[in-house]
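A.B. asks: from the sequence below, what's the structure:
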Amino acid sequence: MSPASRPIRLVFLGPPGAGKGTQAKMLEERFGARQISTGDLLRQHVADGTHLGQEARGYMDSGGLVPDSIIIGMMEQQLANLDAFVLDGFPRTVGQAVALDEMLARLSKPLHAVMLFEASREMLLRRLAGRWTNPRNGRTYNTEFNPPRVAAIDDQDGGPLVQRPDDTPGVVAKRLDTYEAQTSPLVDYYAKTGLLVRLDGLKAIEDVTADVRRALDARNGAAV
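C.D. replies: So this is what the prediction gives:
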């Protein structure tokens, strides 16, 4: 990205296993667009013992959902100091999307695009059931589509890979059901704003990356 290009500000939507995290990490590493997820923010605030983290922990410890107002508060603190970011898997509801729009308007940091990574349910089940993750940095592999050179060992740091408990077929099916129920209204919301870009998440990783870059060229004039 050239120095004169505008910073990248994106929302990534898509079901689990559609490749959002892989593409977000690439943008972060190459263009400095910080990858931000709700889970990471919550864990950091709780670990740091911030006021918002303490509020969130009360809900989490009781098994309740953390209110949108707390999540948005955490997001606002994070985004206030960032010019370039990719929100990975957030927002999850139309209510969160409206609150995010209002918050970004206050910060004068409008989104450039909302990228929807699409994939068939059958392929997602195959992808997730074969997924292995580096717990130290989040890098992922797949035993069928993107295997490590040595089974259960990360190619780059040589450390062990793990399979997450929520990547079993039964749990994956429930996760996909939840995603479909939550996200359909959100896709409609962003389609009406003109921000939505649909991408084929089943393409090879490098081809999806090329599609993301072309979309950025078209949407925000970034020379990526």
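A.B. asks: now the residue nearest to R121 when sequence neighbours are not counted: how far from I205?
C.D. replies: Using CB to CB, 6 or more residues apart in numbering and skipping residues adjacent in sequence, the residue nearest R121 is L176, 6.0 Å away. Every residue, glycine included, has its C-beta placed from N, CA and C. Between L176 and I205 the computed distance is 21 Å (CB to CB, to the nearest Å).
A.B. asks: so which of the two has more stuff around it?
C.D. replies: Between L176 and I205, counted using other CB atoms under 10 Å, the more crowded position is L176 (18 against 14).
A.B. asks: who are the contact partners of that one?
C.D. replies: By CB atoms under 8 Å, 6 or more residues apart in numbering, the residues touching L176 are P15, P16, R121, L124, L125.
A.B. asks: and which of those residues is nearest L41?
C.D. replies: Nearest to L41 among those, counting by CB to CB, is P16 at 18.5 Å.
A.B. asks: number of residues surrounding the closest one?
C.D. replies: P16: 20 surrounding residues under other CB under 10 Å.
A.B. asks: go on, V197?
C.D. replies: V197: 20 surrounding residues under other CB under 10 Å.
A.B. asks: secondary structure element for L100?
C.D. replies: helix 94-107 (DSSP states H and E).
A.B. asks: now the element after that helix, going C-ward?
C.D. replies: That would be, after helix 94-107 and using DSSP H and E, strand 113-118.
A.B. asks: got a list of contacts for that following strand?
C.D. replies: 10-15, 18-20, 23, 187, 190, 193, 195-202, 208, 212, 215-216, 219-220.
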